[in-house]
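Engineer: Turn this into a model:
(one chain, ligands or ions: 1)
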Amino acid sequence: MYDIPFLDIPPLRAASGTVRLPGSKSISNRVLLLAALAEGRTLVHEPLQSDDTRVMLDALCALGCTVQLAAHGALRIDGLGGRLPVQQAALFLGNAGTAMRPLAAALALLAATQGGRFELSGVPRMHERPIGDLVDALRALGCDIVDLGRPGYPPLRVEGQPGGMLHTGRPIPVRGDVSSQFLSALLLALPLVSQAQDIVIEVQGELTSKPYVAITLNLLARFGISVAHEDWRRFVVPRGSRYRSPGEIHVEGDASSASYFIALGAIAAHGGAPLRIEGVGSDSIQGDIRFVDAAQAMGAKVQAGPGWLQVSRGAWPLRALQLDCNPIPDAAMTLAVMALYADGPTRLTNIASWRVKETDRIAAMAAELRKLGASVTEGQDFIEVVPPHRWQHAAMHTYDDHRMAMCLSLASFNPLAGHTGSGGPGLPVRILDPRCVAKTFPDYFETLFGVVSAEPADVPVITVDGPTASGKGTLAAALAARLGYHTLDSGSLYRATALAALQDGIAPDDEATLARLAAMLDLRFEGTAVVLRGRPVGDDLRREDVGSLASRVAALPAVREALHGLQLAFRRPPGLVADGRDMGTVIFPDAALKVFLTASAAQRASRRHKQLISKGIQARLDDLRVDLEVRDARDKSRSVAPLRAAEDALSLDNSALSIEESVDVVLGWWQQRRPFD
Ligand code: C5P
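Structural biologist: You can find the predicted model right below:
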């Protein structure tokens, strides 16, 4: 997950491969609640692990439910059988509407009949998202609900005494035209109190987002409760309802999350192979699966089977679309971004619910697409997007809305826009606060970068060169962490070659054998671990004898040549920070920013000394300094790729700077070179 202030995505040109989707948010949170209310134990397979499900789980645990992690990320939930062991709790529900609404309903009913006092609150935006229609329906039933802030919005307190009575005998009216979550919340909660008689719900106004209510009904059935309805207007929760665990339940992949990859296939899978999406498919119970139809109408070629989709580009440019999006409110946001690549204006209508989601999505989408150069018209319940004539650089606000961030990432395919579709010059896109995707898809960007490709020249590189022990590696790693970029510690490639040579007993001057060894090096970088020949070798690589031999093998031209291609392969989206001796001069001469570190030999020797002592390794300062100077001399005087600053490098004497100070200096330089204000 990218927990950084911004993520710059370079211009992207193609997509291929396979993605596995995280579990559906809507299904996960409903299943977690049902499993907690049910009798018996439920094993929930492949639940979504994200901010929204974490707040639900935390709340269920605070209410006395036992949740255990089982194998392969499954959750084992021991249900409460409709009786709360806890009478009081304060629940923080973040910005999760799928937790707030059903928990408010369930706890209001439980407090009213069994007694209790529960507070429900969230982040500031949650307190701007309406819940009044649900509260009205619950109050009409006889629940005691106190507004703790603005009436009609969270935070709320629900309370009651044991033995309280509810007016379940008459139909309960609930508005259906603001959010279907009010109806879903009642449907999920009312079986708690329908022992004696049928309970009828009457929807007022046209029911919005029916497919989400269909998911609710489907899952209720899995937990033993069959709710009948007449044309989505009148629902009957049958008398004698009891939630019963189905034992095990699988959560399918998130169909709304699939929309980004369906769009990706439609826009960028043009190389002959489709993009494969695993986790949802033709058997999905989620309404947003119908996004497939909309994407096909815009030109996507889609094949589907149970649990999978395969998508590739069909029509190009995409075909402009006019669509009533009421059945697919969340995924429809993705159409607004596909519209950037269409052959005319795209108009999405009946989307008033966008205005009461994580942010006012109509206003947010209009503002951000305009920044890219699109002409956008918005109304209370529609948006119309005309693709840009000329794309513009833009730093995209994401409004703490996961879907805004995921949608806007697709603007990175701007080089493909226009009639050729094969690629012109492109613009990078900055996504502000990319962490907000954690609401439903914490690894969204990693998943995206796993299946896209860019022109190497478009992928930004920062090089950090300098002598031994100048702090290159530390600086490079810190920069990469702040920018979300990959790292290349090129010294480790020479060290690994040296270690392998020691293992195989190869003479330090046997250039041909060493070069063959380097070319065939079985070396992998797994997170922070370096694995050579199947064994983690992080500590061995730092050995002084290995460093010394590395500096000797690094002077051999054939060895350097053998490692050249391997280093170039690290240049992958979203970007790279590479450290070494010749990163800016030989390997990445077109790097966007080159830094050359120039700490004095005395400083560097003292740093290394402290480092060794802290690891309990004895060393003499004088010896270290002599050794450093010998290595520097060899690195500077060798015939190939000698250590020197590139002409266009910026020098940084970090002798007196802390790591944070050095990072800030370099990030300042970097920001100046980026096209974003
Ligand atoms: O940076 P580090 O000390 O890990 O590098 C080990 C050796 O590899 C250095 O002494 C240097 O001689 C060599 N090296 C190089 N070119 C690079 C990186 C390291 O010659 N880009």
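Engineer: Please count neighbours and contacts with C-alpha atoms only from this point.
Structural biologist: Noted.
Engineer: where does this protein dip in pLDDT?
Structural biologist: 420-423, 677 (pLDDT under 70).
Engineer: can you list the domain ranges for it.
Structural biologist: Under automatic domain parsing, the residue ranges defining each domain of the chain are 6-22+252-453, 25-250, 457-673.
Engineer: Can you name the residues of the stretch 551-677 of the chain that neighbour the ligand?
Structural biologist: Counting by C-alpha under 6 Å from any ligand atom, the residues of the stretch 551-677 of the chain close to the ligand are 551, 554, 580, 581, 582, 583, 635.
Engineer: ok, which pair from those is furthest apart?
Structural biologist: The largest separation in these, counting by C-alpha to C-alpha, is between 551 and 583 at 15.6 Å.
Engineer: Okay, now stretch 270-278: how far is its last residue from its first?
Structural biologist: Using C-alpha to C-alpha, to the nearest Å, one end of stretch 270-278 lies 19 Å from the other.
Engineer: So which bits of it are buried?
Structural biologist: Applying a neighbour-count criterion of 16 or more other C-alpha atoms under 10 Å, one finds 270, 274, 275, 276, 277, 278 buried in stretch 270-278.
Engineer: Closest one to residue 592 out of the residues of the stretch 551-677 of the chain next to the ligand, please.
Structural biologist: Nearest to residue 592 among these is residue 583, at 11.8 Å by C-alpha to C-alpha.
Engineer: give the contact list for that closest one.
Structural biologist: By C-alpha atoms under 8 Å, 6 or more residues apart in numbering, the contact list for residue 583 reads 463, 464, 465, 589.
Engineer: Three-state assignment for the residue in the stretch 401-550 of the chain that the ligand sits nearest to, please.
Structural biologist: Closest approach between the stretch 401-550 of the chain and the ligand, counting by C-alpha to the nearest ligand atom: residue 491, at 3.5 Å. Classification of residue 491 by DSSP: H, G, I helix; E, B strand; the rest coil places it in helix.
Engineer: Confirm for me that it is in contact with residue 580.
Structural biologist: Yes: using C-alpha atoms under 8 Å, residue 491 makes contact with residue 580 at a distance of 5.8 Å.
Engineer: okay, those two: which has more neighbours?
Structural biologist: Shown here are residue 491 and residue 580; by other C-alpha atoms under 10 Å, residue 580 has more neighbours (23 against 20).
Engineer: does the residue nearest to the more buried one when sequence neighbours are not counted have beta-bridge partners, and which?
Structural biologist: Leaving out its chain neighbours, the residue that sits closest to residue 580 by C-alpha to C-alpha, 6 or more residues apart in numbering is residue 465, at 4.9 Å. Beta-bridge partners recorded for residue 465 (DSSP bridges): residue 580, residue 596.
Engineer: for residue 305, same thing?
Structural biologist: Checking residue 305 by DSSP bridges, which sets the bridge assignment, gives partners residue 308.
Engineer: how about it, what does it touch?
Structural biologist: Counting by C-alpha under 8 Å, 6+ apart, the residues that residue 305 touches are 281, 282, 283.
Engineer: In a strand, residue 487, correct?
Structural biologist: Yes: assessed by three-state DSSP, residue 487 belongs to a strand.
Engineer: if I look at it, how far off is residue 33?
Structural biologist: As judged by C-alpha to C-alpha, residue 487 and residue 33 stand 42 Å apart.
Engineer: now do residue 488
Structural biologist: To residue 33, residue 488 is 45 Å away according to C-alpha to C-alpha.
Engineer: neighbour-wise, which of these two wins?
Structural biologist: Between residue 488 and residue 33, residue 488 has the larger neighbour count (other C-alpha under 10 Å), namely 25 against 22.
Engineer: Number of residues surrounding residue 505?
Structural biologist: Counted with other C-alpha under 10 Å, residues neighbouring residue 505 total 9.
Engineer: which residue sits closest to residue 161 in space, ignoring its chain neighbours?
Structural biologist: Computed as C-alpha to C-alpha, 6+ apart, the closest residue to residue 161 that is not its neighbour in sequence is residue 115, at 3.9 Å.
Engineer: My read is that the one you found contacts residue 159, right?
Structural biologist: Yes: the criterion here is C-alpha under 8 Å, and residue 115 meets it with residue 159 at 6.8 Å.
Engineer: These two: which is more packed in?
Structural biologist: Neighbours were tallied for residue 115 and for residue 159 using other C-alpha under 10 Å; the higher tally belongs to residue 159 (24 against 21).
Engineer: before we move on, what SS does that one have?
Structural biologist: Residue 159 ends up strand, using three-state DSSP.
Engineer: dump the residue contacts of it.
Structural biologist: Counted by C-alpha under 8 Å, 6+ apart, residue 159 has contacts 108, 111, 112, 115, 116, 117, 118, 143, 144, 145.
Engineer: Apart from its neighbours in sequence, what residue is nearest the fifth one?
Structural biologist: Leaving out its chain neighbours, the residue that sits closest to residue 116 by C-alpha to C-alpha, 6+ apart is residue 87, at 4.4 Å.
Engineer: ok, the one you found - contacts?
Structural biologist: 115, 116, 117, 118.
Engineer: so how many other residues sit close to the closest residue to residue 557 other than its chain neighbours?
Structural biologist: With C-alpha to C-alpha, 6+ apart as the criterion, residue 557 has its nearest non-adjacent residue at 6.1 Å, and that residue is residue 640. Number of residues near residue 640 (other C-alpha under 10 Å) recorded here: 17.
Engineer: cool, residue 551 as well?
Structural biologist: Taking other C-alpha under 10 Å as the criterion, the count of residues near residue 551 is 20.
Engineer: Just confirm residue 290 contacts residue 328, I think it does.
Structural biologist: Yes: under the contact definition of C-alpha under 8 Å, residue 290 touches residue 328, with a separation of 7.0 Å.
Engineer: More neighbours: which of the two?
Structural biologist: The neighbour comparison of residue 290 against residue 328 (other C-alpha under 10 Å) goes to residue 328, with 23 against 19.
Engineer: That one and residue 212 touch, don't they?
Structural biologist: No: judged on C-alpha under 8 Å, residue 328 makes no contact with residue 212 at a distance of 9.3 Å.
Engineer: shared neighbours of these two, which are they?
Structural biologist: Shared contacts of residue 328 and residue 212 (C-alpha under 8 Å, 6+ apart): residue 287.
Engineer: Assign residue 277 to helix, strand or coil.
Structural biologist: For residue 277, the assignment made with three-state DSSP gives strand.
Engineer: who's in contact with stretch 55-63?
Structural biologist: Residues contacting stretch 55-63 (C-alpha under 8 Å, 6+ apart): 29, 32-33, 36, 67, 84-86, 89, 91-94, 96, 99.
Engineer: Nearest spatial neighbour of residue 366, chain-adjacent residues omitted?
Structural biologist: Closest to residue 366 by C-alpha to C-alpha, 6+ apart is residue 376, at 5.8 Å.
Engineer: Using the three-state scheme, assign that neighbour.
Structural biologist: strand.
Engineer: same check, this time on residue 644
Structural biologist: On the three-state scheme (three-state DSSP), residue 644 is labelled coil.
Engineer: Check residue 316 too.
Structural biologist: With three-state DSSP as the basis, residue 316 sits in coil.
Engineer: so how far is residue 328 from it?
Structural biologist: Separation of residue 316 from residue 328 (C-alpha to C-alpha): 24 Å.
Engineer: Kindly report the same for residue 168.
Structural biologist: Residue 168 is 32 Å from residue 328, where distance means C-alpha to C-alpha.
Engineer: ok so, going back, for the contacts of residue 87, give me TSV that also has secondary structure.
Structural biologist: Formatted as TSV, the contacts of residue 87 follow (three-state DSSP):
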residue	secondary structure
115	coil
116	strand
117	strand
118	strand
